[in-house]
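> My questions are about this predicted structure, shown below with the sequence.
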There are 2 protein chains.
Amino acid sequence: MARPEVPQDALHRLIEALRVLPGVGPKSAQRMAFYLLQHDRNGAAVLAQSLGEAVETVGHCARCNTFSEDQICSTCSDGRRDPSLLCIVETPADQIMVEQTLSFKGNYFVLMGRLSPLDGMGPNEIHFDRLIVRIENPDTGVPVREVVLATNFTSEGEATAHYIGEVLKAKGIKVTRIARGIPVGGELEYVDAGTLARAMMDRRTLG
Amino acid sequence: MARPEVPQDALHRLIEALRVLPGVGPKSAQRMAFYLLQHDRNGAAVLAQSLGEAVETVGHCARCNTFSEDQICSTCSDGRRDPSLLCIVETPADQIMVEQTLSFKGNYFVLMGRLSPLDGMGPNEIHFDRLIVRIENPDTGVPVREVVLATNFTSEGEATAHYIGEVLKAKGIKVTRIARGIPVGGELEYVDAGTLARAMMDRRTLG
Ligand SMILES: [Zn+2]
Ligand SMILES: [Zn+2]
């Protein structure tokens, strides 16, 4: 993505730089810069350090693909969880939502996206090959007995669930889908924990 | 302000650190962190650097009190402007708004706040002593012939204008107030340039 030319002074460079944040336009970038310089220089310095550190150290878990500083993330390393049960979600935010329901004690695979051919999101972009390895040759040493599809109930999330479900069923793997307790068109991230817990309980085997 | 304990991993430290931004709650901080790590690590690195640089280098102009990397800011140093005309605004954002009207070619003084006794904002907090020096002993070598009060038309902005106006009039200085073309309760930052230009033209001498 082309960036505009770099402004000459530090204040305007900061205002411009703040616009990388999603949902932040020129006016709110300016308000944020003025606010930080006037009221919270210490917070701004901590933010600068945290950003630099995260960019340097946060990669992806080799097992579940979510953000992680370690080769294997803390969820995947947790011996109290059942690695034979694998829940597939679109994003780390969705994984956090499922976790908050306390209704799932298996492992996850985070696609970091969804199938969307018009946006150039194909099987490669959702790391489908790594998902297949996780299921067919798990480095956990434990075979996967059930894959729970917890992608969103948007048209793209449904298409993603359908694609993954078809491939896995053809391989003889048991695949379930969380129940449509979630409103049609709804996104997991904005649903209350009770509804999502219900949908997890009501998951059904894909025909 | 007390900060919560520092989270253990870099991702959660980043999410926590993003909450120093005004208007950013836990959910949008999380969304921002995930977005940056997934889609714009380069932008995040530039933001980290810009924040660190701005915190280090941006201070206040010795003459007008706005944010500046230099001892005297570029507006104050601009020889084409009339230093005998001084416009008083609450914030740098308000100064930018007045500049955009192209209706004022004098100098500024930026209070960096407004009088608000309940919030602990008194004459010291709006740098009143420095304002008096700017008017009575200007380092520009040019006497101030008119002070234009362009604080907001909120109750606090009006009280600030009243206070400054009374003190300056007692010293025999000509003080004007931008016209109430701006809606009552309105803030300069959110007004269109035409209305603000009108208010600048219609400024009147304080009784
Ligand atoms: Zn993992
Ligand atoms: Zn200045």
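That came through, no problem. Ligands and ions are numbered 1, 2, ... in the order given.
> Distance check, the residue nearest the centre of chain A against A:Met97.
Centroid-nearest residue in chain A: A:Thr91, 1.5 Å away (criterion: Cα atoms, centre = their mean). Shown here: A:Thr91 relative to A:Met97, a distance of 9 Å by Cβ to Cβ, to the nearest Å. All C-beta spots, glycine's among them, are computed from the backbone N, C-alpha and C.
> And for A:Leu14?
Counting by Cβ to Cβ, the gap from A:Leu14 to A:Met97 is 33 Å.
> who has more neighbours, those two?
A:Leu14 (29 against 20; other Cβ atoms under 10 Å in any protein chain shown).
> what about that one, which helix or strand?
Element membership for A:Leu14, per DSSP states H and E: helix A:10-18.
> circling back: and the residue nearest to the centre of chain A, what is it in contact with?
A:110-113, A:189, B:34 (Cβ atoms under 8 Å, 6 or more residues apart in numbering or on different chains).
> Could you pull out the helices in chain A for me?
A:10-18, A:26-39, A:41-57, A:74-77, A:92-100, A:128-136, A:155-170, A:193-201 (DSSP state H).
> Which elements pack onto the longest one?
What it means is helix A:41-57. The contact analysis (3 or more Cβ pairs under 8 Å, 6 or more residues apart in numbering or on different chains; DSSP states H and E) places helix A:41-57 against helix A:26-39, helix B:10-18, helix B:26-39, helix B:41-57.
> And the fourth one, by the same measure?
Identification of packing neighbours for helix A:74-77 by 3+ Cβ pairs under 8 Å, 6+ apart yields strand A:106-110.
> strands paired with the strand it packs on, and their directions?
strand A:82-89 (parallel) (DSSP bridges).
> and the angle for the strand it pairs with with helix A:92-100?
Put simply, strand A:82-89 runs at 130 degrees to helix A:92-100, going by axes from the mean of the first three to the mean of the last three Cα atoms, to 10 degrees.
> avg pLDDT for strand A:82-89?
Across strand A:82-89, the average pLDDT comes to 95.
> tell me how far that strand is from the chain's mean position?
In terms of Cα atoms, centre = their mean, to the nearest Å, the centre of strand A:82-89 is set 15 Å apart from its chain centre.
> By neighbour count, which bits of it are buried? Give me those.
Judged by neighbour count using 16 or more other Cβ atoms under 10 Å in any protein chain shown, the buried positions of strand A:82-89 are A:83, A:85-89.
> is ligand 1 contacted by it?
No - against ligand 1, strand A:82-89 shows no contacts by Cβ under 5 Å from the ion, the least distance being 10.6 Å.
> Give me the contacts around that strand.
A:95, A:98, A:104-111, A:131, A:134-135, A:138, A:140, A:142-151, A:164, A:188.
> who's in contact with A:Asp70?
A:61, A:77.
> ok, now the one 3 residues further on?
A:Cys73 is in contact with A:61, A:63-64, A:66-67, counting by Cβ under 8 Å, 6+ apart.
> can you do 7 Å?
A:61, A:64, A:66 (Cβ atoms under 7 Å, 6 or more residues apart in numbering or on different chains).
> Over to A:Ala10?
Here A:Ala10 is in contact with B:53-54, B:57-58, B:69 (criterion: Cβ under 7 Å, 6+ apart).
> Going through the residues you listed, which ones are buried?
Judged by 16+ other Cβ under 10 Å, buried ones among these: B:53-54, B:58, B:69.
> Could you dump those into CSV and include distance to B:Ala197 and pLDDT?
As requested, these are exported to CSV (distance: Cβ to Cβ, whole Å; pLDDT from 0 to 100):
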residue, distance to B:Ala197, pLDDT
B:Glu53, 34, 96
B:Ala54, 31, 96
B:Val58, 29, 97
B:Glu69, 29, 95
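> Show me which residues of chain A sit near chain B.
Neighbours of chain B within chain A, by Cβ under 7 Å from any Cβ of the partner chain: A:9-11, A:13-14, A:17-18, A:20-22, A:30-32, A:34-38, A:40-41, A:43-48, A:50-55, A:57-58, A:67, A:69, A:91-93, A:112.
> For the buried ones among those, write the corresponding PyMOL selection.
Provided next is the PyMOL selection string for whichever of the residues of chain A next to chain B are buried by 16+ other Cβ under 10 Å:
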select buried, chain A and resi 9+10+11+13+14+17+18+20+21+30+31+32+34+35+36+37+40+41+43+44+45+46+47+48+50+51+52+53+54+55+58+67+69+91+92+93+112
